[in-house]
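Let me see the structure of the following:
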Amino acid sequence: MLKIGDFSRLSRVTVKALRYYDEIGLLKPVSVDRFSGYRYYEVGQLPHLNRILVLKNLGLSLEEISRMLNDNLTAEHIRQLLHVKQAEIRQRLEDDQGRLGQVEEWLKQIEKEGIMPEQDVIIKKIDAQLAATLRGIVPTYGDIGQLFNEIYPFLMENKAQIAGPAIAIYHDMEYKEKDVDIEVATPIASQVPGTDRIKVAELPAIEQAACLIHHGAYDTIGESYKALMAWAEANGYQVAGPDREIYLKSYNETQNPAEFITELQLPIAKK
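Numbers count the residues shown, from 1 in each chain. The predicted structure follows:
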């Protein structure tokens with residue numbers, strides 16, 4: 001038999017780890033001195049310990065390893081557990097790849113311009129939300145106010161409680177000089193009856209949206225869209241749905257366009 005210190009040197013596992021494995025029942029010593037409490041191991045326990053280390057390196061938790069080794073799991077249960085771990089590792093790799101792309105994009109901008117990027121893009125999930133919506137064809141982008149001027153009286157008449165900033169959804173998948181397909185939406189706290197023109201329903205969730213904050217007047221928002229699209233292309237994403245504008249600070253809060261704050265939300269998916 002080997003003292004715990006000798007078994008530690010032989011296995012390259014710390015004494016502290018061996019004691020913990022004993023406490024949780026993952027690897028028990030073959031005997032424990034009843035007077036000193038000293039633990040003793042056998043060389044024959046090395047294969048079991050090596051299996052623990054291999055599974056730990058695969059990313060399994062000690063609890064998962066214990067279930068796999070000590071609970072007499074069937075091959076099918078083990079296969080399912082490993083498939084779950086495989087999916088988790090793949091997701092981490094995808095997340096890390098996305099972060100790597102962002103780091104590389106920052107480096108490019110810093111090396112090119114000598115300063116940090118002025119605009120930051122983040123990826124987030126957009127939850128579904130109840131809203132009053134109105135979709136229509138307007139002559140130009142600047143005529144979006146026609147739709148909001150129709151939806152706000154409806155909200156007042158129905159005493160709807162507004163539950164978030166106004167939203168515009170652009171259904172055309174390219175820039176248009178005229179006849180623009182726009183849907184405006186105002187989040188509300190509870191259901192109210194709709195009309196033939198104005199619908200009350202949940203805006204669908206967006207699983208992945210690349211988001212950027214635009215500061216300033218709407219006539220300069222095109223530059224922010226260019227930056228957002230360039231980021232998506234550089235990071236291997238493609239557009240996966242109509243883009244949205246969230247009017248965080250607009251004419252309701254200030255008459256100075258330089259103080260406007262708008263979040264651009266672009267649904268994306270990996271190419």
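
Please, where are all the helices along the stretch 51-200 of the chain?
62-70, 75-113, 145-157 (DSSP state H, counting those that start in this stretch).

what's the distance between the closest residue in space to Ala217 that isn't next to it in sequence and Tyr225?
Of all residues not flanking Ala217 in the chain, Pro257 sits nearest, at 3.7 Å (Cβ to Cβ, 6 or more residues apart in numbering). Bear in mind the C-beta positions are built from the backbone N, C-alpha and C, glycine included. Pro257 is 17 Å from Tyr225, where distance means Cβ to Cβ, to the nearest Å.

Compare neighbour counts for the two and give me the winner.
Neighbour count, other Cβ atoms under 10 Å: between Pro257 and Tyr225, Tyr225 has more, with 17 against 13.

Work out for me the element the more buried one sits within.
Following DSSP states H and E, one finds Tyr225 within helix 221-234.

Please enumerate residues in contact with that helix?
With contact meaning Cβ atoms under 8 Å, 6 or more residues apart in numbering, helix 221-234 is reached by 101, 104-105, 108, 119, 121, 210, 212, 214, 238-239, 243, 245, 262, 264, 266, 268.

Give me the mean pLDDT for stretch 192-200.
For stretch 192-200, mean pLDDT is 94.

meant to ask about stretch 30-50, not that
91.

Buried residues, that stretch. List them.
Across stretch 30-50, burial judged by 16 or more other Cβ atoms under 10 Å covers 39, 41, 45, 49.

Now for Ile182, how many residues are close by?
Neighbours of Ile182 under the rule other Cβ under 10 Å: 21.

quick one: it and Ala168 touch, right?
Yes. Contact criterion Cβ atoms under 8 Å: Ile182 and Ala168 qualify, at 6.0 Å.

Are there residues contacting both of these two? Which ones?
Common neighbours of Ile182 and Ala168, counting by Cβ under 8 Å, 6+ apart, are Ile144.

can I assume Ala163 is in contact with Leu155?
No. Counting by Cβ under 8 Å, Leu155 is not a contact partner of Ala163; they are 10.9 Å apart.

Could you name every residue contacting both of those two?
Counting by Cβ under 8 Å, 6+ apart, the residues touching both Ala163 and Leu155 are Ile188.

Of those two, give the one with the bigger neighbour count.
Neighbour tally, Ala163 and Leu155, criterion other Cβ under 10 Å: the higher count belongs to Leu155, 16 against 13.

so how far is the helix or strand bottoming out on mean pLDDT in the chain off the chain centroid?
Every helix and strand in the chain was compared by mean pLDDT, DSSP states H and E; the lowest is helix 75-113, with a mean of 79. Going by Cα atoms, centre = their mean, to the nearest Å, the spacing between the C-alpha centre of helix 75-113 and its chain's C-alpha centre is 12 Å.

The stretch 101-250 of the chain: strands as residue ranges?
121-126, 129-138, 167-170, 180-187, 199-203, 206-215, 237-239, 243-249 (DSSP state E, counting those that start in this stretch).

Please export the C-alpha coordinates of the last one as PDB.
Just to be clear, that refers to strand 243-249. The C-alpha coordinates for strand 243-249 follow below in PDB (Å, rounded to 0.1, in the frame of the first residue of the first chain):
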ATOM      1  CA  ASP A 243     -34.000  45.500 -38.600                       C
ATOM      2  CA  ARG A 244     -35.500  47.500 -35.800                       C
ATOM      3  CA  GLU A 245     -34.900  51.000 -34.400                       C
ATOM      4  CA  ILE A 246     -35.700  51.600 -30.700                       C
ATOM      5  CA  TYR A 247     -36.100  55.300 -30.000                       C
ATOM      6  CA  LEU A 248     -34.600  55.500 -26.500                       C
ATOM      7  CA  LYS A 249     -34.500  59.300 -26.600                       C
END
